[in-house]
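Student: Would you be able to build a 3D model of this:
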Amino acid sequence: MAYNTLIVDIKDKIAVVTLNRPPVNAQNKEFRNEIMELFDELSDRDDVACIVLTGTGKVFSAGADIRERPNLAGEPGAYGRHNRLVRESNNAIMECSKPIIAAINGPALGAGFGLVMASDIWVASEDAYFSMPEINVGLAGGVTFLQRYFSQSRARRMFFTGMKVSAQEMYRLGLIEACLPADQLMPYAMEMAREIASKSPIALRLAKEAARMTLLMPTRDAYRYEQGNTVALSKTEDTREAQQAFLEKREPVYKGR
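Tutor: This next block holds a predicted model:
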């Protein structure tokens, strides 16, 4: 798994994906294509149960590489292709079948914050902050995601001003699981990843799918969907093993079936 803009390390069913486009992990065409390729592959790999996403250096991701922008407006169709790539690289993370922990090691700006919001669980270092600063370069994008997580007032203030929100404030708002000294970030994220990876792979896959799909459904239909998953899981060998291990006070041994 060789990439120019990503570093991938897989061990003990955990894939650590490190954004690696110094100095600020800005996202260009190559970066986004590699994100799609990698997360599509990780989604299908049986040796991966959980993913930790982080960045090199002191910045998680500064967002889109603004140097690509001037070349888009002058070529018919170029902006459409660019926007499609932006959407689908984000969707590759959001739709990945494996739980994703974003270990945010520094500022997450614009499309960098988008990578965080496409992940399942967020933890951050104390020097991280979050922003949608597109307005500062004459652009406007990202309010769709901001309004999903913040109040209307805060989301629109961030969108209209490019306001920065500190990791401490994100923790106060209940949007991140932890706000930690930098040297504690990855150990914390890895401990959580190991706990997730210890669960039944079939149950994890359906849990991730349910977490994503039920957001799109009315509450009545969403809960019925979850109940259908529970019925399907009850017929698997892994569920029988989990229940037997619980009764016998031992760790379960899952076979993925």
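Student: C-alpha from now on. contacts and neighbour counts both.
Tutor: OK.
Student: Name the residues of stretch 125-141 that are buried.
Tutor: By neighbour count on 16 or more other C-alpha atoms under 10 Å, the buried set for stretch 125-141 is 125-134.
Student: In strands only, show me those.
Tutor: 125, 129-131 (DSSP state E).
Student: so where's the stretch 51-200 of the chain shaky on pLDDT?
Tutor: 70 (pLDDT under 70).
Student: May I see the buried residues of stretch 125-141 organised as TSV, with distance to Ser43 added?
Tutor: Below are the buried residues of stretch 125-141 laid out as TSV (distance: C-alpha to C-alpha, whole Å):
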residue	distance to Ser43
Ser125	27
Glu126	30
Asp127	31
Ala128	28
Tyr129	29
Phe130	27
Ser131	28
Met132	28
Pro133	31
Glu134	31
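Student: Just the closest of those to Gly80, please.
Tutor: Glu134 (18.1 Å; C-alpha to C-alpha).
Student: Hmm, Gly110 and the closest one touching each other?
Tutor: Yes - the criterion here is C-alpha atoms under 8 Å, and Glu134 meets it with Gly110 at 6.6 Å.
Student: Tell me which stretches of this protein form strands.
Tutor: 6-11, 14-19, 50-55, 100-104, 108-109, 121-125, 129-131, 165-166, 179-180.
Student: what's next to stretch 12-26, contact-wise?
Tutor: 4-10, 27, 47-65, 112, 193-194, 197 (C-alpha atoms under 8 Å, 6 or more residues apart in numbering).
Student: Narrow these to just the buried residues.
Tutor: 5-8, 27, 48-64, 112, 193, 197.
Student: any idea which residue of the chain is furthest from its center?
Tutor: Largest separation from the mean C-alpha position in the chain: Glu248, at 35.7 Å (C-alpha atoms, centre = their mean).
Student: And it, how close does it get to Ala242?
Tutor: 10 Å (C-alpha to C-alpha, to the nearest Å).
Student: Check Ala73 too.
Tutor: Ala73 is 56 Å from Ala242, by C-alpha to C-alpha.
Student: neighbour-wise, which of those two wins?
Tutor: Ala242 (18 against 11; other C-alpha atoms under 10 Å).
Student: Tell me which residues touch the closest residue to that one other than its chain neighbours, please.
Tutor: The shortest distance from Ala242 to any non-neighbouring residue, by C-alpha to C-alpha, 6 or more residues apart in numbering, is to Pro252 (5.4 Å). Counting by C-alpha under 8 Å, 6+ apart, Pro252 touches 241-242, 244-246.
Student: run the last query once more with 10 Å
Tutor: 198-200, 238-246 (C-alpha atoms under 10 Å, 6 or more residues apart in numbering).
Student: Also Met94?
Tutor: Here Met94 is in contact with 39, 88, 100, 114-120, 212 (criterion: C-alpha under 10 Å, 6+ apart).
Student: Mind checking which of those are in helices?
Tutor: 39, 88, 114-118, 212 (DSSP state H).
Student: Most neighbours among those residues, which one is it?
Tutor: Val116 (27 neighbours).
Student: ok, back up a step: and the residue nearest to Ala242, how far from Thr56?
Tutor: 36 Å.
Student: got a list of what Ala210 touches?
Tutor: So, once contact is read as C-alpha under 10 Å, 6+ apart, Ala210 ends up touching 204, 222-223, 225-226, 229.
Student: mind checking how far it is from Val24?
Tutor: 34 Å.
Student: Repeat that for Ala197.
Tutor: For Ala197, the distance to Val24 - C-alpha to C-alpha - is 30 Å.
Student: related to what we said a few turns ago, want to try a markdown table for the contacts of Met94, with distance to Glu177 as columns?
Tutor: As requested, the contacts of Met94 are exported to a markdown table (distance: C-alpha to C-alpha, whole Å):
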| residue | distance to Glu177 |
| --- | --- |
| Phe39 | 23 |
| Glu88 | 27 |
| Ile100 | 13 |
| Gly114 | 17 |
| Leu115 | 16 |
| Val116 | 13 |
| Met117 | 13 |
| Ala118 | 15 |
| Ser119 | 13 |
| Asp120 | 11 |
| Arg212 | 19 |
